[in-house]
Each structure stands twice: as structure tokens, then as C-alpha cells.
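Participant: Predicted model and sequence follow; I will ask about them next.
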Amino acid sequence: MISRFRLLFDTVRHLKLVQIYYQVFYRLKKRRNLNYYNSSSKGDSYFNRLSFSLKNSPGGFASDDRAFNFLNLSQDFHDKIDWNYQGYGKLWNYNLQYFNYLNHDDLSVESKNDWLLNITDWLNDGRLKLEPYPVSLRIMNMIHYCSFENRQDSIIVDSIYRQTKYLSRHLEYHLLGNHLLENGFALIMSGYAFDEKDWKVKAESILFKELEEQILDDGGHFELSPMYHQIILFRVLELCDWYTKVEGQNPVFLAFVQQKAIKMLNWLKNMTFLNGDIPHFNDSATGIALSSNILFDYGNRLGFSQALIQDLSESGYRKFSSNTYECVVDVAPIGPSYQPGHSHADALSFVLYGNKKPFIVDTGTSTYQIGNIRSWERSTEAHNTVVIDATNQSEVWGGFRVGKRAKVKIIAEDHKQLIAEHDGYRHNFKTLHKRSFAFAGNKIEILDEIGSCSGILAFHFHPYCIVQLLNEKSIKIEGIGEITLENAESLSLIQYEYANGYNNYLKASKLIVNFKNNVKTTIHFNY
């Protein structure tokens, strides 16, 4: 009981007062159906088309016969869509509600209209509850659709208006982070689509404040997930896109958003590997966000060029590159402190590409469903670092919670080395984990030190890597090179499931190294 209380205390004490207030406020507030919210006084058909130069349609599939695929899971609804369908969990249902598929050209206009009218009926009579996050994304997709297709259906336009009125009264101050940003992006889009001054003012205030806090000085998004960075960057670029073409724009606000877009593009340029991949640190997966290359192209169309930057210290990542490899090291804290839901216990982990191909990888994120898979994917054991006695560096628990958090300290760094330590094992084992990287042209050396403790070092290889145990001190990776270990007590190769997107797994090899006190790893590349 004391341990459970302590875990809850260490989780809750990082929350902001505004989060606690709105957690209570929204629980006490009476829930209303969509028909509670009034239509526009300007008439049901009043709508200003916005001008977009890119459709947002990453992932997902929908067909006219009501067959859907999201997160690599398929469902056929045959006669009618169940907008509350929970067979694959809440995230799948949210994807159904987002209506990203309105941007798919191979879906008929008739189906799109019918489904929008149908979900509006469900929202009106309470069969489907209003929730601010899916409402935000649905509003933006509906405005996209009505603008691109020049649709002026009065019921659909009225539905957008009333959903926005709901959203304006249910902004996600209890969560903050990317959720509140999405609320702000939806609110400002509707504000200009319907020429509602209050929505414009409120949205600009939210976006000024949140973008200033959430976009760090080096350009990274403060939840420290490259995937969520891509998602938010698209929203920022999209805002720069349509906002420049509307009447009554705020030039100070526009300049502010454009500056954030450039910073975010530069950060992503630095984090993206030469083949276009991103490292899957924290909650990141393929097939969810628009790719880096699409975002770079979008930025170029808007007149924003990208430049490689050397300093990623604010977001806590370091990138080392040669003609042979690209290595990104995670020396970031759990962040942000009051919204760590997408954080993993992965301090001092790294991702390594050789010759533009994935080599040592993050195991990825395949689910948000609370359970063993979610717990494992957030655990220290699932990352390329050291574990002591099967204990997480930071207490990740539930689906999106963190108790005690490891603190990372940079001891020394330059363009060829990085030395850092974290205190995540201090409480249980009275020791620190110190990791030293030394980078050369075709070789990387890593020294791990954990005092007098015994530990397990793990390296997770990409599924396409063919790995062979040579002897008690070394392994061979076909076509790439060798890894040798000094002071290892034993080496073993096991299989693990690499998350190749949500709910999609590939068998891959994992190196387990048992050692005491310290172990030195040398990665030699053949090319």
C-alpha cells in the first residue's frame, strides 16, 4: 500500500495546478450532446473556404463498403458503422472518428457525406459522446474536405460549427501538451472558416503560449517523440499555409508561427537519417505521421529551407555521423515533467544506422493499450542500454504514467565523444549508470559502468540484420561488421518482436550481455 501510494505521489506531484483543477472540473461538468450547442447566427450554410496546398492523409484505409483499416487492424461494418466500436481499443476507435479518410481520393463523395451525416446523428442523440481530441481532428478534416471539395452541405457545415462550439468550452487543460495544441489548431481553423472573433482570439492566445513552451530552443517538440514532432510540425506548416491567404490575419502571430516552423524543420532535418527514417525514441512508429521528406517538401513550398544544426541540447539528443554511420543518442530527461505520457525509460539508449540502413534500433511502439506489450515497449529492457535486476530507470506504469524519473547528467562532450550518466538506479541499487561513447571513422566504442553491480546490456538489431555469435566475446552482423565485448561474463542471442508499426511485428535478433561492474563494446564497420 505504501509503495502504491508513493508511486501515485511521485506521478501526481509533477502535475500543474491547472491540470488538477480541470480534471475535477470536467468530471463534475454535465455532459451534453451535440444538439445542445447552438448553430451559427449567420445561417447554416455560412462557411469560408480555406486554401490548403497539401492534403493530410497518412495511414489508414476506408472503402465505400464500410471496410476500414487503422493501425494495421481491419474491420468491416457491412450495413452500418458502429462509431463506438471498441473491438480494437480506444486508439483504433479514435482513428475511426478522426475522419482522416475524408482526404482519400479513392473514397466516393457520397460515402463521405453519408458518414458525416451519420456521425452527426450519433453525436446529436448521444450514441457517440463528444471528446475534445477526436473532435479537434475531425473539425480540421471536415474543414479540409469542405474547402477542397467546395462542399456547402448545410447540415455538415452546421455540424462543424457546433462541434467547434463544444470544443471551445472543453479545451484540454487537464492534459495540456500536444492535445491542447490540436485544440488550438482546430479552433483557429474554425474561427476563420466561420469568421468567429472569439474563437480566433482564444486560439491565437493558446497557440502563442503553447508553441512558445512546447517548441524548445533547438526546435524539438517537448514531448521528445520524433513522431509527435512530425505530427505537430505538419499542423504548424498547415497553419502557415492557409493563414497567409485569409483576410484579417495577425502579422505578429503569423511571423511567430513561421519562426517556429523553421526551427522545427531544422530539428527534424538533423534527427532524420539519410534514408528518410526517424529514430523511434519514446512513442514513435511508422505509418502515423507524414514522413520527414514530405514535410521538408511542404516546408520548401512555403519558402522555408532547412539547415543542419549542431546543438540539440535543449531536447536532449545528440547525433554523430561519419561516412559510415549515423548514431543518435538519447540523453534527454523524461519530458515534459507534467505530461510524460509518451515517455519511455530509455536514458542513454541509442539508435544506429550503417550505410543508410537501420542496424541497432529502438524496438518501437505498437500499442497504447494498457497491458504487457505496452509496459514492455516503454521499459528499459526494450532499449539499447543497461538494466540492473530487471528494474526500470524511470517508473513507467499504466499506459501513460511515470513515477520516479531518472535524471541525466552530461559529463563531457565534443564532436567525437559523449560521456553521460543517469541516477535511475540510485534509489534501489545505490549506483549510477555511466556511459561513454567514442566515435571514429569506422568504429564506435561504448563503455558502460555501474559501480559494483551486475547488469545486462542489450542491443536490438533490425529484423533485416543477420546476426551470428562468433565466440564468447564477439558477434558478426552480415554485411555490416562485428561487435566485440570486453569484460562480458556471457553473450547470448535471443529473438524479440520488433514493432514495425502499430500491431505489426517482425522477428529480430537481440544481443544480451551479462557483466559486472563495467563492459566495453566496440562496433567495427566493414565499409
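Facilitator: Okay, I see it. Numbers count the residues shown, from 1 in each chain.
Participant: what residue lies at the spatial centre of this structure?
Facilitator: Closest residue to the average C-alpha location of the chain: residue 228 at 3.0 Å, with C-alpha atoms, centre = their mean.
Participant: That residue contacts residue 178, correct?
Facilitator: Yes: using C-beta atoms under 8 Å, residue 228 is in contact with residue 178, at 5.7 Å. Every residue, glycine included, has its C-beta placed from N, CA and C.
Participant: hmm, back to that, state whether the residue nearest to the centre of the chain is indeed within a helix.
Facilitator: Yes: following the definition DSSP: H, G, I helix; E, B strand; the rest coil, residue 228 is counted among the residues of a helix.
Participant: Residue 214 versus that one, what's the distance?
Facilitator: Using C-beta to C-beta, to the nearest Å, one gets 10 Å for the distance from residue 228 to residue 214.
Participant: Check residue 232 too.
Facilitator: For residue 232 relative to residue 214 (C-beta to C-beta), the value is 8 Å.
Participant: what about residue 245, neighbour count?
Facilitator: Other residues lying near residue 245 total 12 when counted by other C-beta atoms under 10 Å.
Participant: Which residues are in contact with the residue lying closest to it once chain neighbours are set aside?
Facilitator: Of all residues beyond its chain neighbours, the one nearest residue 245 is residue 51 (4.5 Å), with distances taken as C-beta to C-beta, 6 or more residues apart in numbering. The neighbourhood of residue 51, defined by C-beta atoms under 8 Å, 6 or more residues apart in numbering, consists of 147, 241, 242, 245.
Participant: what about 10 Å?
Facilitator: Under the criterion of C-beta atoms under 10 Å, 6 or more residues apart in numbering, the contact partners of residue 51 comprise 147, 148, 241, 242, 243, 244, 245, 246.
Participant: now residue 285
Facilitator: By C-beta under 10 Å, 6+ apart, the residues touching residue 285 are 59, 71-72, 225, 227, 278, 364-367, 377, 499-504.
Participant: Just to be sure, it is in a helix?
Facilitator: No: under three-state DSSP, residue 285 sits outside any helix and is assigned coil.
Participant: Now it: closest residue in space that isn't a chain neighbour?
Facilitator: Distance criterion C-beta to C-beta, 6+ apart; nearest residue to residue 285, sequence neighbours excluded, is residue 365 at 4.8 Å.
Participant: What count of nearby residues applies to that neighbour?
Facilitator: Quick note: residue 365 (other C-beta under 10 Å) scores 26 neighbours.
Participant: in this protein, which segments are predicted with low confidence?
Facilitator: Per-residue confidence for the chain (pLDDT under 70) gives these ranges: 1-2, 43-45, 310.
Participant: Identify the contacts common to residue 228 and residue 178.
Facilitator: 221, 222, 342.
Participant: Between these, identify the one with the most neighbours.
Facilitator: The most neighbours of any of the shared contacts of residue 228 and residue 178, using other C-beta under 10 Å, belong to residue 221, which has 28 neighbours.
Participant: That one is in contact with residue 283, isn't it?
Facilitator: No: assessed by C-beta atoms under 10 Å, residue 221 is found out of contact with residue 283, at 11.9 Å.
Participant: Mutual contacts of the two, please.
Facilitator: Shared contacts of residue 221 and residue 283, defined by C-beta under 10 Å, 6+ apart, comprise 227, 228.
Participant: and residue 88, what is it in contact with?
Facilitator: 70, 71, 72, 73, 74, 75, 95, 96, 367, 369, 502, 503.
Participant: That one belongs to a strand, doesn't it?
Facilitator: No: secondary structure assignment (three-state DSSP) places residue 88 in coil, not in a strand.
Participant: per-domain residue ranges of this protein.
Facilitator: Residue ranges of the domains in the chain are recorded as 215-309, 317-525, according to automatic domain parsing.
Participant: Reformat those domains as a markdown table; add distance to residue 87.
Facilitator: Putting those into a markdown table (distance: least, C-beta to C-beta, whole Å) gives the following:
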| stretch | distance to residue 87 |
| --- | --- |
| domain 215-309 | 20 |
| domain 317-525 | 12 |
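Participant: quick one, which of those is nearest to residue 26?
Facilitator: Among the domains of the chain, the nearest to residue 26 by C-beta to C-beta is domain 317-525 (16.2 Å).
Participant: Just the CA trace of the helix or strand that contains residue 18, in PDB.
Facilitator: Residue 18 belongs to helix 17-28 when elements are defined using DSSP states H and E. The C-alpha coordinates for helix 17-28 follow below in PDB (Å, rounded to 0.1, in the frame of the first residue of the first chain):
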ATOM      1  CA  LEU A  17      -2.400  23.000 -10.700                       C
ATOM      2  CA  VAL A  18      -4.400  23.900 -13.900                       C
ATOM      3  CA  GLN A  19      -4.400  20.200 -14.800                       C
ATOM      4  CA  ILE A  20      -5.700  19.100 -11.400                       C
ATOM      5  CA  TYR A  21      -8.400  21.800 -11.500                       C
ATOM      6  CA  TYR A  22      -9.700  20.800 -14.900                       C
ATOM      7  CA  GLN A  23      -9.500  17.100 -14.100                       C
ATOM      8  CA  VAL A  24     -12.000  17.800 -11.300                       C
ATOM      9  CA  PHE A  25     -14.000  20.500 -13.300                       C
ATOM     10  CA  TYR A  26     -14.600  18.300 -16.300                       C
ATOM     11  CA  ARG A  27     -15.600  15.300 -14.200                       C
ATOM     12  CA  LEU A  28     -18.200  17.400 -12.400                       C
END
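Participant: Before I go, just wanted to say thanks for your time.
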